[in-house]
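*Asks:* sequence-free structure coming up:
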């Protein structure tokens with residue numbers, strides 16, 4: 001019986017490649033891969049990468065800021 005090389009995975013394994021990780025999201029802590037949309041910012045000489053996602057941005061802001069009620073000292 002002949003194998004159909006187009007549907008047999010063992011013939012295509014060498015073509016698979018893993019995406020290159022370029023950093024970690026400062027918001028969600030997941031890996032950031034080449035091609036992801038990110039915000040890059042520097043605070044006090046430290047660089048941060050954040051996924052361009054509202055939840056990641058929200059988590060990052062919660063980590064670096066202080067919570068208070070507006071108008072109260």
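*Replies:* Happy to help now that I have it. None of these values were measured; they are calculated from a predicted model. Residues are numbered from 1 along each chain as shown.

*Asks:* going forward, measure contacts and count neighbours with C-alpha atoms only.
*Replies:* OK.

*Asks:* what residues are bridge-paired with the residue most central in space within the chain?
*Replies:* Centroid-nearest residue in the chain: residue 32, 2.9 Å away (criterion: Cα atoms, centre = their mean). On the basis of DSSP bridges, residue 32 is bridged to residue 23.

*Asks:* tell me if I'm right that it and residue 56 touch.
*Replies:* No: applying Cα atoms under 8 Å as the test, residue 32 and residue 56 come out as separate, 11.9 Å apart.

*Asks:* overlap in contacts of those two?
*Replies:* Residues touching both residue 32 and residue 56 (Cα atoms under 8 Å, 6 or more residues apart in numbering): residue 25.

*Asks:* tell me which residues are up against stretch 54-66.
*Replies:* Contacts of stretch 54-66 (Cα under 8 Å, 6+ apart): 25-28, 50-51.

*Asks:* again, 7 Å this time
*Replies:* 26-28, 50 (Cα atoms under 7 Å, 6 or more residues apart in numbering).

*Asks:* for this protein, what spans make up the helices?
*Replies:* Here the chain has its helices, by DSSP state H, at 54-64.

*Asks:* pLDDT weak spots in it?
*Replies:* Residues of the chain meeting the criterion pLDDT under 70: 1-17.

*Asks:* and the strands in it?
*Replies:* Taking DSSP state E as the criterion, the chain carries its strands at 21-24, 31-33, 38-43, 46-51.
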